[in-house]
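Student: Mind looking at a prediction? Sequence and model below.
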Amino acid sequence: MNHLPSAITLCEVGLRDGLQNEKTLLPTATKVELLQGLIDAGFKVIEVGSFMHPKAVPQMADTDEVYQAVGEVPGVELRALIPNLRGVKRAVDCGCKKVKLNVSASRQHNLKNLNMTPEQSVAGFADCVKAAEENGIAISGSISMPFASPWEGRIPLADVESIIEAYLKVGITEISLSDASGMGVPNQVYQMCAHVRERYPQVSWWLHFHNTRGLAMANIMAAMEAGMTQFDGSFGGLGGCPFVPGAAGNISTEDVLNLCDESGIVTGIDIVKVMALSRRMRELLGHDLDSCVLRAGRAKDLILD
Ligand code: ZN
């Protein structure tokens, strides 16, 4: 383990990827308060919500209002997930300056849901890129299930490359590999990360792991060893995935912070503040959360002096 980075950037996605999978609808004011708590904890990148159709994802219907309430925060990127051009328009209207598109790497999933190949979906994002550029909004893309999907199992690397190239073709150079199905394994993650970093050096990469089979932390380690330095996490391990049976949430942010703090990897984020927010979230949602550190405390909290 000689190749771990000295610092990483964590994006907190609990307010989006987490809350969109919860039955409880939190009041807008509570979301704003949580978002301000995350900013105070030191996050420089936060996924605030999404501009999906409110009927499809009612939990995110007030994302616009959350943006309006918080405004621009210097030095902090507040990003939102969008499905299409309408999402860019909502971003413009509420003052959101960073949007993220998503496509499934599963050909069958994409064909079944959208009657398009993943590459056709990405080519269709060209209008979003143009509108975002015209309005001073940064735009990134995500590839969901790049490692494996419930429909076809392992995804061939060539398929992932072809989607990356489709993104590059429409002018998107910030790309997230998002293991929504929680089916990635460390050796595959290492190989894919090392390969795409070398092949597409112009890309700013993000990695997004769900802990469905307990491998998210190992996958983060594998990605770090391959040189990756940008990761998503969800406070309290909040989340799931609507179309993946038994899906668990994202890796808990405080678990990643504990790993980094104990290993000397700088994150700039205060784990104690994040744990307090996770406890608050546990109260708000009224159920236990999937976070080791939240359950057991930090190792250093146990050392008696
Ligand atoms: Zn996710």
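Tutor: Okay, I see it.

Student: Specify the beta-bridge partners of residue 12.
Tutor: Residue 12 has these beta-bridge partners by DSSP bridges: residue 46, residue 233.

Student: Next up, the contacts around it.
Tutor: Contacts of residue 12 were listed using C-beta atoms under 8 Å, 6 or more residues apart in numbering, and they are 38, 43, 45, 46, 47, 232, 233, 234, 235, 253. For glycine as for every other residue, the C-beta is placed from the backbone atoms N, C-alpha and C.

Student: Quick check: the fourth one touching residue 80?
Tutor: The one in question is residue 46. No - judged on C-beta atoms under 8 Å, residue 46 makes no contact with residue 80 at a distance of 10.0 Å.

Student: who's more crowded, those two?
Tutor: residue 80 (27 against 24; other C-beta atoms under 10 Å).

Student: Was I right to think the more buried one contacts residue 101?
Tutor: No - Residue 80 is beyond contact range of residue 101, at 10.7 Å (criterion: C-beta under 8 Å).

Student: mind checking pLDDT for residue 188?
Tutor: At residue 188, the model reports a pLDDT of 97.

Student: should've said residue 241
Tutor: 66.

Student: Quick check: phi and psi at residue 139.
Tutor: phi -140, psi 140 (degrees, to the nearest 10).

Student: for it, which residues make a bridge with it?
Tutor: Under the criterion used (DSSP bridges), residue 139 bridges to residue 99.

Student: would you list the contacts of residue 12 in a markdown table and tack on pLDDT and distance to the ion?
Tutor: Listed next are the contacts of residue 12 as a markdown table, based on pLDDT from 0 to 100; distance: C-beta to the ion, whole Å:
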| residue | pLDDT | distance to the ion |
| --- | --- | --- |
| 38 | 98 | 17 |
| 43 | 98 | 17 |
| 45 | 98 | 15 |
| 46 | 98 | 15 |
| 47 | 98 | 9 |
| 232 | 98 | 7 |
| 233 | 98 | 10 |
| 234 | 97 | 8 |
| 235 | 97 | 14 |
| 253 | 98 | 13 |
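
Student: Now tabulate those in TSV and tack on distance to residue 151.
Tutor: TSV is the format used below for those (distance: C-beta to C-beta, whole Å):
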residue	distance to residue 151
38	34
43	34
45	31
46	31
47	26
232	23
233	27
234	24
235	30
253	29
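
Student: okay, and for this structure, where does confidence drop off?
Tutor: 1-2, 241-245, 304-305 (pLDDT under 70).

Student: Please list all residues in contact with the residue nearest the centre of the chain.
Tutor: Nearest residue to the geometric centre of the chain (C-alpha atoms, centre = their mean): residue 232, 4.4 Å. Listed by C-beta under 8 Å, 6+ apart, the contact partners of residue 232 are 10-13, 17, 47, 176, 178, 206-209, 250.

Student: Most neighbours of all those, which one?
Tutor: residue 250 (33 neighbours).

Student: Report how many residues lie close to the closest residue to that one other than its chain neighbours.
Tutor: Nearest non-adjacent residue to residue 250, counting by C-beta to C-beta, 6 or more residues apart in numbering: residue 234, 3.5 Å away. Neighbours of residue 234 under the rule other C-beta under 10 Å: 33.

Student: For the residue in the chain that the ion sits nearest to, which non-adjacent residue is spatially closest?
Tutor: Here the chain gets closest to the ion at one residue, residue 17, 4.2 Å apart by C-beta to the ion. Distance criterion C-beta to C-beta, 6+ apart; nearest residue to residue 17, sequence neighbours excluded, is residue 239 at 4.7 Å.

Student: Please confirm that that neighbour is located within a strand.
Tutor: No - assignment of residue 239 by DSSP: H, G, I helix; E, B strand; the rest coil gives coil, placing it outside any strand.

Student: Quick check on it: phi, psi?
Tutor: According to degrees, to the nearest 10, residue 239 has phi 130, psi -180.

Student: To what extent is it buried, counted in neighbours?
Tutor: 26.

Student: With residue 55 instead?
Tutor: Using other C-beta under 10 Å, residue 55 has 7 neighbouring residues.

Student: For residue 204, see how far away it is.
Tutor: Distance, residue 55 to residue 204, using C-beta to C-beta, to the nearest Å: 33 Å.

Student: I'd guessed residue 129 sits against residue 171; true?
Tutor: Yes - between residue 129 and residue 171 there is a contact at 5.0 Å, judged by C-beta under 8 Å.

Student: Among the two, which residue is more densely surrounded?
Tutor: Using other C-beta under 10 Å as the criterion, residue 129 and residue 171 rank with residue 129 on top: 20 against 13.
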